[in-house]
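Trainee: The following comprises the amino acid sequence and a computationally predicted model.
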Amino acid sequence: MKTSIFSLFFILICIGLHAEDGHKLWLRAQSTSTVNVECSKQSPIIEIAKIELQNMWQGKAGHTVVLKLAKTKKLQGDGFLLSENQIESNTEAGLLYGAFEMLRKQQTQSSDFNGIFNPSYDLRILNHWDNLDGTIERGYAGQSIFWHPGSEAFKVTQEDKKRWTEYARANASIGINGTVLNNVNASPKILTPEYLNRVREIADILRPYGIQTYLAVNFASPSVIGGLSTSDPLNQEVVVWWKNKVNEIYKLIPDFGGFLVKANSEGQPGPQNFGRTHADGANMMADALKAQGGIVMWRAFVYNPSDEDRAKQAYSEFMPLDGTFRDNVIVQVKNGPIDFQPREPFSPLFGAMKGTGVMPEFQITQEYLGHSVHMVFLATMWEEVLNSDTFQEGKGSTVARCTDGSIFKQKYSAIAGVSNVGSDINWCGHHFAQANWYAFGRLAWDNTLTSEQIADEWVKLTFGKVSNTEDDADFVKAVKELMLDSREAAVDYMMPLGLHHIFAAHHHYGPGPWWAPSGMRKDWTPPYYHRADSLGIGFNRTTSGSNAVSQYHQPLSQQFNDPETCPEKYLLWFHHLPWDYKMKSGRTLWDELCFHYDSGVQKVCGFQKIWDKSESYVDTERFAAVQKKLREQSLNAQEWKDACLLYFQQFNQLPIPYDLERPVNKLEDLIEKDEKQIREGRRN
């Protein structure tokens, strides 16, 4: 008996030694030898760069690395010049980024150490949708790491500081240099002294890692917390209030970055409440920040309950204002014209606003892509968007080049990602969701990187498989391919061929193409977007429909307008087509939809097989956690396929192709499940 207990105890200890909760992210490496790091200057940032090199060094023992600050014309912003013996930069932050790049190359066994590494964007920012009560809007990884509820709201603990330091280090390792600490649906309270003092505490922790702090602000703050009778941006009292508030902030946080504003969107107050324009509101704030070097990021996510196609509204509202914004205003534009859908064409505002600073906004948190349950590597989506050609200044006018300063010389180039970080021990709720945080940072630094390069880095850094053995190489290749296929799989089992926004009510998780309760505004219901009827399916945005195609530059406008030349991945985004429309595959549109839905389900089943084969290469804890998530994703994918095909089948009365697997769920059961979740206020 004693022997058995001892054996069990020994086994548990061994399991514990090999367990990995994911908290270390992609920063798991430990030094294998010593290194000498020299620098003629001292500062907190430089000290951190030295420590990182010493703690994670994988190179030659006793090697010397020199950190050199110098004004070099080849380098832009926080760029750095890297060689095996030296990291050179114009800024201290650049030395820290160079240190992490050197370590990344060692840990991934890259042979190419020499080169110039300039950032694609000056400002590389995470937007946190964290509420002051500690919850996170569209957050799937626990509570906020910045804000606590109730009596703990203003208390800063050592655990807080430790978590903020770890967070700052992770961001610095991938080149992120800015953080918006609170939700774009901002509470005016964020600008009260108690909350600003907590912001100061956070900023003090982030600063040594080269990270500036930003705040999302409520446009009505002067009247809500300032005691004024109005928040009209042209009212002199309001102008003075914002200037005084900005001065108050900079006394606490000298390197404060500026404001993020969501105005006149989804009920948020804005300048239009007072008969003013977005430019009036943004410029008033920009003027208040100008002397301190701050910026305003003004979101273009606007839509009103009207008969106008929702996809057109941002362009219609902002294009007439092009050239009227201050140079420290950046219009923040979501990647697509609707709302972070699994697939959208790029927003037509990219490249069209030639006289205004424009920044892409990506969503790292998986609001529309399976929350923290589904494995979906988003780098492929962002690469698709960045490489999309707008043709605004001729062929090659990609979204990347239209926003990074290559074509339009805006004062600031910037990019933002809506964070997926929360208080969960593994930060992101799903171990593979960490890859999206990592990928955003890497693309923000270098928008020419491919998804394959980023996935290769992340797998090697996260799972430590960097040896040159054939087995380890097979592991990396298999998991990398799984990641690269995952987003297309999700599109297939959710909304293929340009379908969009057909989620169940409120939670944006499961299928709900039927959801259209009486009295609900149409653009909040799936039938508004899929428009399925007995004749066909899809949203007509051609010249005979809403004419959203006209917002794109030629030749795209013409290409999107014709179903024969429109890319099939966007087909039902721009066209309402008959069920028997002949696709390029030779199948009818209905059969093609069926094959896509089935393909998505089969791909996820394949992901399970790939991951199961990886068991011997992954620690027990992370292997089991991912395996469990993949099982749930597979069940969800089947529900998506069954719900959508059975629902659409009601309109067309066509059979599902006989060589595909039959639905395993009944439509009435799926609808009842959805309605029950609505009643209980939860998702599956």
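Mentor: Looks like it came in fine.

Trainee: Next up, the contacts around Leu228.
Mentor: Counting by CB atoms under 8 Å, 6 or more residues apart in numbering, Leu228 touches Pro222, Asn235, Glu237, Val238, Trp241. Quick note: C-beta positions are derived from backbone N, CA and C, even for glycine.

Trainee: list the contacts for the first one?
Mentor: What that stands for is Pro222. The contact partners of Pro222, by CB under 8 Å, 6+ apart, come to Leu228, Thr230, Ser231, Glu237, Val238, Trp241, Trp242.

Trainee: Toward the C-terminus from the helix or strand it falls within, list the very next helix or strand.
Mentor: Here Pro222 sits within helix 221-224, counting by DSSP states H and E. As assigned by DSSP H and E, the chain's next helix or strand after helix 221-224 is helix 236-252.

Trainee: could you measure the closest residue to Gln30 other than its chain neighbours against Leu206, distance?
Mentor: Of all residues not flanking Gln30 in the chain, Met56 sits nearest, at 6.6 Å (CB to CB, 6 or more residues apart in numbering). From Met56 across to Leu206, the span is 21 Å (CB to CB, to the nearest Å).

Trainee: ok, now Asn118?
Mentor: 23 Å.

Trainee: Please say which of these two ends up with more neighbours.
Mentor: Between Asn118 and Leu206, Leu206 has the larger neighbour count (other CB atoms under 10 Å), namely 22 against 15.

Trainee: Tell me the confidence at the more buried one?
Mentor: Predicted confidence (pLDDT) for Leu206: 98.

Trainee: Correct me if wrong: it contacts Trp164.
Mentor: Yes: using CB atoms under 8 Å, Leu206 is in contact with Trp164, at 6.8 Å.

Trainee: quick one, what contacts the residue nearest to Arg487 when sequence neighbours are not counted?
Mentor: Nearest residue to Arg487, sequence neighbours excluded (CB to CB, 6+ apart): Thr380, at 4.7 Å. By CB under 8 Å, 6+ apart, the contact list for Thr380 reads Ser451, Leu484, Arg487, Glu488.

Trainee: Check Glu84 too.
Mentor: Gly59, His63, Phe113, Asn114.

Trainee: secondary structure class for it?
Mentor: When classified by DSSP: H, G, I helix; E, B strand; the rest coil, Glu84 comes out as coil.

Trainee: related to what we said a few turns ago, and the gap between the residue nearest to Arg487 and Pro342?
Mentor: Look at Thr380 and Pro342: by CB to CB, they are 11 Å apart.

Trainee: swap in Phe362?
Mentor: Note on Phe362: its distance to Pro342, by CB to CB, is 13 Å.

Trainee: Need the overlap of contacts for those two.
Mentor: In contact with both Phe362 and Pro342: Met381, using CB under 8 Å, 6+ apart.

Trainee: I am assuming Ala216 contacts Gly258, so please confirm or correct that.
Mentor: No: taking CB under 8 Å as the definition, Ala216 is not a contact partner of Gly258, at 10.6 Å.

Trainee: of the two, who's got more company?
Mentor: Taking other CB under 10 Å, Ala216 and Gly258 do not tie; Gly258 has more neighbours (29 against 23).

Trainee: Surely that one touches Lys290?
Mentor: No: using CB under 8 Å, Gly258 is not in contact with Lys290, being 10.1 Å away.

Trainee: can you list residues touching both of these two?
Mentor: Contact with both Gly258 and Lys290 is made by residues Asn328, according to CB under 8 Å, 6+ apart.

Trainee: Now Ser173: closest residue in space, sequence neighbours ignored.
Mentor: Spatial nearest neighbour of Ser173, excluding adjacent residues (CB to CB, 6+ apart): Phe100 at 4.6 Å.

Trainee: Tell me who's in contact with that neighbour.
Mentor: Going by CB under 8 Å, 6+ apart, Phe100 touches Glu52, Ala172, Ser173, Ile174, Gly175.

Trainee: In stretch 478-487, which residues are buried?
Mentor: Ala478, Val479, Lys480, Leu482, Met483, Leu484, Asp485, Ser486, Arg487 (16 or more other CB atoms under 10 Å).

Trainee: same question, stretch 584-601
Mentor: Quick answer for stretch 584-601 (16+ other CB under 10 Å): 587-601.

Trainee: cool, stretch 544-561 as well?
Mentor: Within stretch 544-561, the residues that count as buried by 16+ other CB under 10 Å are Gly545, Ser546, Ala548, Val549, Gln551, Tyr552, His553, Leu556, Ser557, Gln559, Phe560, Asn561.

Trainee: which residues touch it?
Mentor: Defining contact as CB under 8 Å, 6+ apart, one finds that stretch 544-561 is touched by 308-309, 311-312, 315, 337, 345, 348, 351-352, 389-392, 539-543, 565-567, 570, 574, 576.

Trainee: Compute the first-to-last residue distance for it.
Mentor: Length of stretch 544-561, first residue to last, CA to CA, to the nearest Å: 9 Å.

Trainee: for stretch 115-132, same thing?
Mentor: Terminal residues of stretch 115-132 lie 43 Å apart, using CA to CA.

Trainee: try stretch 217-225
Mentor: For stretch 217-225, the first-to-last residue distance is 12 Å (CA to CA).

Trainee: what mean pLDDT does that stretch have?
Mentor: 98.

Trainee: From the chain's centroid, how far away is it?
Mentor: Its chain's average C-alpha position is 28 Å from that of stretch 217-225, according to CA atoms, centre = their mean, to the nearest Å.
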